[in-house]
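> Show me the folded form of this:
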Amino acid sequence: MSKQTQARSADTAETLLSVRNLSTYYSEGEDDVPVRAVDGVDFELARGETYGLVGESGCGKSTLGLSLIRALPPQGDIGDGEIRFNGRAIGQLPKSEIKDLQWAEISMIYQGAQNAFNPVKTVGKQIAEPLRIHDIVPEGERKGRVRELLEKVNLQPDVAEQYPHELSGGMKQRAAIAMAIACEPDLLIADEPTTALDVIVQAEVLNMLQRLQEDLNFGMLVISHNLAAIMKLADRIGVMYGGEIVETAPSETLYDQPKHPYTARLLQSLIDPRRPPDRVETIEGTPPDLRNPPTGCRFAERCELATEQCRAEAPPLEPVGDDHETACFHHEKVSQL
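Take a look at the predicted model:
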């Protein structure tokens with residue numbers, strides 16, 4: 001848990017982002033059955049806090065991140081819900097006003113950011129682009145600002161003159177982070193920030209994000225399927241399954257006392273050096289089809305604790321402890337798993 005979050009009391013925490021009943025759908029046409037990629041999600045993020053979103057691929061994590069900055073592909077649409085940022089409702093703002101927020105107040109490290117650079121422009125020109133768009137730094141001072149940003153992410157200033165193909169994967173990821181923090185945003189969304197990096201570089205990138213957050217005091221939403229990495233970085237974690245958040249809790253609480261069977265199975269699937277290689281735990285089955293999700297609990301068909309009630313009724317997300325919520329009728333039995 002970050003030092004800033006430990007020092008902040010519940011009474012003085014400033015809510016930076018509030019999401020209520022957010023639903024995002026994908027559809028190719030009017031006659032197609034929409035994919036309910038995000039379905040009724042609620043969560044809050046305070047300034048200086050890190051909130052992690054974890055879950056298997058296809059559970060809606062990246063769609064949730066893209067919804068927050070209205071960067072969905074053409075077939076995506078926010079159907080319901082409210083997004084409030086710095087006290088302002090932004091979920092239905094015109095695209096022109098959203099562009100005023102992007103990079104300046106809300107920034108995103110996109111999944112696959114290592115390949116997101118334009119190959120025919122230098123890294124420095126691309127890092128300077130948000131500064132130019134929002135006219136935050138005078139033109140004559142932008143090169144100096146780019147050098148400062150590169151140093152912040154442990155890159156040499158001369159990287160500004162290089163092209164993306166001249167950088168290693170880890171260097172490109174750091175350059176992407178430099179571009180994301182160029183305008184010192186209030187909120188940083190990091191979607192799979194360590195994908196395709198080796199373990200050592202992953203640790204360096206995560207430590208860097210934490211250090212930058214402490215320096216700049218931005219709120220951070222980190223999206224990943226890597227639960228082990230999220231545990232080290234996030235203050236609180238939301239577990240997504242089938243487009244819904246099924247459990248949310250402080251990181252340590254989630255690790256020690258999971259209250260949803262899906263969370264428990266995710267924790268058991270972590271690589272443990274004490275466990276024989278042939279004893280890696282897996283979660284049997286596949287996530288539900290979000291074009292036609294089941295009536296009851298969306299994890300029921302893969303859950304050992306499921307009963308007829310689980311298959312017939314959708315369990316609500318309810319408190320089970322201090323700042324701990326879960327959507328499970330049988331959360332008292334999860335420890336038995």
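
> if you take the average position of this protein, which residue is closest to it?
residue 223 (2.5 Å; Cα atoms, centre = their mean).

> Now do stretch 315-324: distance from first to last residue.
One end of stretch 315-324 to the other measures 15 Å (Cα to Cα, to the nearest Å).

> per-residue confidence averaged over it?
Average pLDDT, stretch 315-324: 96.

> before we move on, what about stretch 52-63?
Rounded mean pLDDT across stretch 52-63 is 94.

> Return the set of buried residues in that stretch.
Buried positions in stretch 52-63, judged by neighbour count with 16 or more other Cβ atoms under 10 Å: 52, 53, 54, 55, 56, 58, 59, 60, 61, 62, 63. C-betas here are computed from N, CA, C, even on glycine.

> Which parts of the stretch 51-200 of the chain are strands?
76-85, 88-89, 106-109, 187-191 (DSSP state E, counting those that start in this stretch).

> which one of those lies closest to residue 166?
Closest to residue 166 of the strands of the stretch 51-200 of the chain is strand 106-109 (Cβ to Cβ; 20.4 Å).

> Let me have the strands of the stretch 51-200 of the chain in JSON lines, adding mean neighbour count and distance to residue 33 as columns.
Output for those, formatted as JSON lines (neighbours: other Cβ atoms under 10 Å; distance: least, Cβ to Cβ, whole Å):
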{"stretch": "strand 76-85", "mean neighbour count": "17", "distance to residue 33": "14"}
{"stretch": "strand 88-89", "mean neighbour count": "11", "distance to residue 33": "29"}
{"stretch": "strand 106-109", "mean neighbour count": "24", "distance to residue 33": "29"}
{"stretch": "strand 187-191", "mean neighbour count": "24", "distance to residue 33": "26"}
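
> how about those in TSV, adding distance to residue 243 and mean pLDDT?
Output for these, formatted as TSV (distance: least, Cβ to Cβ, whole Å; pLDDT from 0 to 100):
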stretch	distance to residue 243	mean pLDDT
strand 76-85	12	94
strand 88-89	22	94
strand 106-109	20	95
strand 187-191	17	96
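
> okay if I get the buried residues of stretch 52-63 as a markdown table plus distance to residue 84?
Shown next, in a markdown table, are these (distance: Cβ to Cβ, whole Å):
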| residue | distance to residue 84 |
| --- | --- |
| 52 | 20 |
| 53 | 18 |
| 54 | 24 |
| 55 | 24 |
| 56 | 28 |
| 58 | 27 |
| 59 | 24 |
| 60 | 20 |
| 61 | 20 |
| 62 | 21 |
| 63 | 19 |
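
> From these, pick the one nearest residue 218.
residue 52 (15.1 Å).

> Leaving out the residues flanking it, which one is nearest to the closest one?
Among residues not flanking residue 52 along the chain, residue 234 sits closest, at 3.2 Å (Cβ to Cβ, 6 or more residues apart in numbering).

> For this structure, which residues score under the pLDDT cut-off?
Scanning the chain for pLDDT under 70 picks out 1-13, 113-114, 271-280.

> Check the burial of residue 309 by counting its neighbours.
13 (other Cβ atoms under 10 Å).

> residues contacting it?
296, 329 (Cβ atoms under 8 Å, 6 or more residues apart in numbering).

> Helices along the stretch 1-150 of the chain, start to end?
Secondary structure of the stretch 1-150 of the chain (DSSP state H, counting those that start in this stretch): helices located at 3-7, 61-68, 95-101, 123-133, 142-152.

> And for the nearest residue to residue 174 once chain neighbours are set aside, the neighbour number?
Leaving out its chain neighbours, the residue that sits closest to residue 174 by Cβ to Cβ, 6+ apart is residue 153, at 4.1 Å. Residue 153 has 23 neighbours, counted by other Cβ under 10 Å.
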